[in-house]
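1. Fold the following.
(one chain, ligands or ions: 2)
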Amino acid sequence: MRVQLPLAACLAILAACAPTEPDRPNVLFLSVDDMNDWVGALGYETAQTPHIDRLASRGTLFANAHAPSPKCNPSRSAILSGLRPSTTGIYANSEWWKPNFPDLVTMPRYFKDNGYFAAGGGKVFHHTPGFNPPDSWDEYFDLVDDLKTEGFLIDYRRPDNISSFDWGPLDKSDMEMGDGATVRWAEEFLSRDHRKPFFLAVGLFQPHLPFYAPRATYDAIGPGDAPVPIDKPGDLDDIPDLGRKMADFRVADLELILEHDDMHEVVRSYTACIRHADTLVGRILDAVDASRYADNTIIVFWSDHGYHFGEKHHLTKNTLWERSSHVPLAIVAPGLTQPGSVSSRPVGLLNLYPTLVDLCGLPPRADLEGISLRPLLEDPASPWDRPAVMTFGRGNHAVRSERYRYIRYANGEQELYDHVDDPNEWTNLAGDPALAGVMAKHAEWLPRVDAAAALRKNSFHFDPDSYTWKRRANEQER
Ligand SMILES: [Ca+2]
Ligand SMILES: [Ca+2]
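-> Ligands and ions are numbered 1, 2, ... in the order given. The predicted model follows:
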């Protein structure tokens, strides 16, 4: 006997039997550039960052998070490749990872290869032309950075320094600034009906140099309201030569600013840039909340490294001290993280790639050098024996545990700081024989490999249209 089922019943049975895509979460990978740990959630009140704070309050805030390297390209290349600078040899902004490692599978590429729609906008990889490989993305919105055309606000600066060390207010609104177009693109992306889960990387360029802030934001911070960090006299006296050399980078700019008594204005402008970036973070967060993806999107908020404003008589980044490596990091993983949780465990941003692979259920990658932060997302006080490790230049590393920072330079010279007594890292304890065991324990975590520097961009002919490159012959490589 043949039984005839109504069409609707047949369709229902077919739908039930059809293979279903695993219900993978979306990812919003949201970064800021050169942003210190100067956010309210980490106890710094001057900048006022209500949106970053509310983002952090939804999940786990990492209070002891560190960049893999204190500079844009080595930090971002490590985060997005899952490999340390000491493994790839990408130590500076000129070293071009793609032709050195054509087969390296970046974080967005791995998501793309595993059923995700990978989209990016703004500065995700370092933004020098050619550093952002098109094969990592299904869609990319290029940075619209109009700030460099603004001219020169500070008249004692060298005219050739435009777009570099300059600061002050611009007569623009938040959305008229350079990152506004990226934010608009991200809002539009989140309003779409996506068939696949997405990996969305949004890279804000603020608060990177030049420290131009919307006038309203700048005016809201009074002159002298933003405290200038302490440049303790004689702080470098107990620091080895290679550390002093790092501190000396751009010291002429620092001294010019001090000579004109302008550091308070530099810090005010940078702080206003943080507040401006926070407003943009708020817009993106609102767009997530208003979208159909509000309940199924993992959010990671991170900065690529910190920034000195005179500490250790240094300006900018490029050091192995806390100020250069300590960054805001927050992860919101629906169904996993507890709202309002804070972890004081030392974590490196190198762990973000394996963490997202784990949280999204992608095939595990044994070749990545970090590990998943899942135990700390489940329980922020979970046992965690692993320190954060950072590298600047070949053979120079810092190891940050919960209590100490241990630094070893390529020539073997060392520093040790105890953060319980000395959060400013003013007293180098490396010469204290009683702490030799502490240093030896930290030294066990130093990278085993110190790769030679990778080839630089000027070692290649690059064709931006076809995104191809050819090794230059008979030319100096670096
Ligand atoms: Ca940066
Ligand atoms: Ca000192």
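
2. use CA for all of it now, contacts and neighbours both
-> Fine.

3. buried set for stretch 437-445?
-> Within stretch 437-445, the residues that count as buried by 16 or more other CA atoms under 10 Å are 439, 442, 443, 445.

4. of all the residues you listed, which comes closest to residue 408?
-> Set against residue 408, the nearest of the buried residues of stretch 437-445 by CA to CA is residue 443 (8.1 Å).

5. Now that closest one, what are its backbone angles?
-> Dihedral angles of residue 443 (phi, psi; degrees, to the nearest 10) stand at phi -60, psi -20.

6. Next one: it, what pLDDT does it get?
-> pLDDT, residue 443: 98.

7. In strands, which of the buried residues of stretch 437-445 fall?
-> Within the buried residues of stretch 437-445, no residue falls in strands by DSSP state E.

8. So which of the residues you listed belong to helices?
-> Of the positions in the buried residues of stretch 437-445, 439, 442, 443 sit in helices, assigned by DSSP state H.

9. now the end-to-end length of stretch 246-256.
-> Terminal residues of stretch 246-256 lie 18 Å apart, using CA to CA, to the nearest Å.

10. err, stretch 205-216, not the other one
-> 19 Å.

11. Give me the distance between it and the centre of its chain.
-> Remark: stretch 205-216 is offset 17 Å from the chain centroid, using CA atoms, centre = their mean, to the nearest Å.

12. Equivalent analysis for stretch 247-261, please.
-> Its chain's average C-alpha position is 26 Å from that of stretch 247-261, according to CA atoms, centre = their mean.

13. in it, what's buried?
-> Buried positions in stretch 247-261, judged by neighbour count with 16+ other CA under 10 Å: 247, 248, 249, 251, 254, 255, 257.

14. Test my guess that the first one contacts residue 311.
-> Think residue 247. No - if you go by CA atoms under 8 Å, residue 247 and residue 311 don't touch, sitting 9.1 Å apart.

15. Report the mean per-residue pLDDT for the strand or helix carrying residue 278.
-> Residue 278 belongs to helix 263-290 when elements are defined using DSSP states H and E. If you average the pLDDT over helix 263-290, you get 97.

16. In terms of secondary structure, what does that helix contact?
-> Packing contacts for helix 263-290, counted by 3 or more CA pairs under 8 Å, 6 or more residues apart in numbering; DSSP states H and E, involve helix 50-57, strand 167-170, helix 180-191, strand 211-214, helix 215-220.

17. Now for the closest residue to residue 265 other than its chain neighbours: which residues touch it?
-> In space, and not counting its chain neighbours, residue 265 is closest to residue 223: 7.1 Å by CA to CA, 6 or more residues apart in numbering. Taking CA atoms under 8 Å, 6 or more residues apart in numbering, we find residue 223 in contact with 264, 265, 268.

18. Look up phi and psi at the residue nearest to the spatial centre of the chain.
-> Residue closest to the mean C-alpha point of the chain, counted by CA atoms, centre = their mean, is residue 304 at 2.2 Å. Backbone dihedrals for residue 304, given as degrees, to the nearest 10, come out at phi -80, psi -20.

19. So it sits against residue 77, correct?
-> No - the criterion here is CA under 8 Å, and residue 304 misses it with residue 77 at 10.2 Å.

20. Quickly list what's touching both of the two.
-> Residues touching both residue 304 and residue 77 by CA under 8 Å, 6+ apart: none at all.

21. How many residues are close by the residue lying closest to residue 351 once chain neighbours are set aside?
-> Closest residue to residue 351 apart from its sequence neighbours, by CA to CA, 6+ apart: residue 370 at 4.4 Å. Number of residues near residue 370 (other CA atoms under 10 Å) recorded here: 21.

22. residue contacts, residue 370?
-> So residue 370 contacts 82, 83, 350, 351, 352, 353, 354 (CA under 8 Å, 6+ apart).

23. element containing the fifth one, please.
-> Spelled out, it's residue 352. Per DSSP H and E: helix 352-359 holds residue 352.

24. Now that helix - C-alpha only, PDB.
-> The C-alpha trace of helix 352-359 is given here as PDB (Å, rounded to 0.1, in the frame of the first residue of the first chain):
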ATOM      1  CA  LEU A 352      43.700  35.400  20.500                       C
ATOM      2  CA  TYR A 353      44.000  33.300  17.400                       C
ATOM      3  CA  PRO A 354      43.900  29.900  19.200                       C
ATOM      4  CA  THR A 355      41.200  31.300  21.500                       C
ATOM      5  CA  LEU A 356      38.900  32.200  18.600                       C
ATOM      6  CA  VAL A 357      39.600  28.900  16.800                       C
ATOM      7  CA  ASP A 358      38.600  27.100  20.000                       C
ATOM      8  CA  LEU A 359      35.500  29.200  20.800                       C
END
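
25. Residues contacting it from elsewhere in the structure, which ones?
-> Under the contact criterion CA under 8 Å, 6+ apart, helix 352-359 has outside partners 79-82, 107, 363-365, 368, 370-374.

26. In the residues you listed, find the pair that's most separated.
-> Across the contacts of helix 352-359 (CA to CA), the longest gap, 19.2 Å, separates 81 and 374.

27. Which of those two has more residues huddled nearby?
-> residue 81 (23 against 18).

28. Give me the nearest residue to that one, chain neighbours excluded.
-> Going by CA to CA, 6+ apart, residue 81 has residue 106 as its nearest residue, at 4.8 Å.
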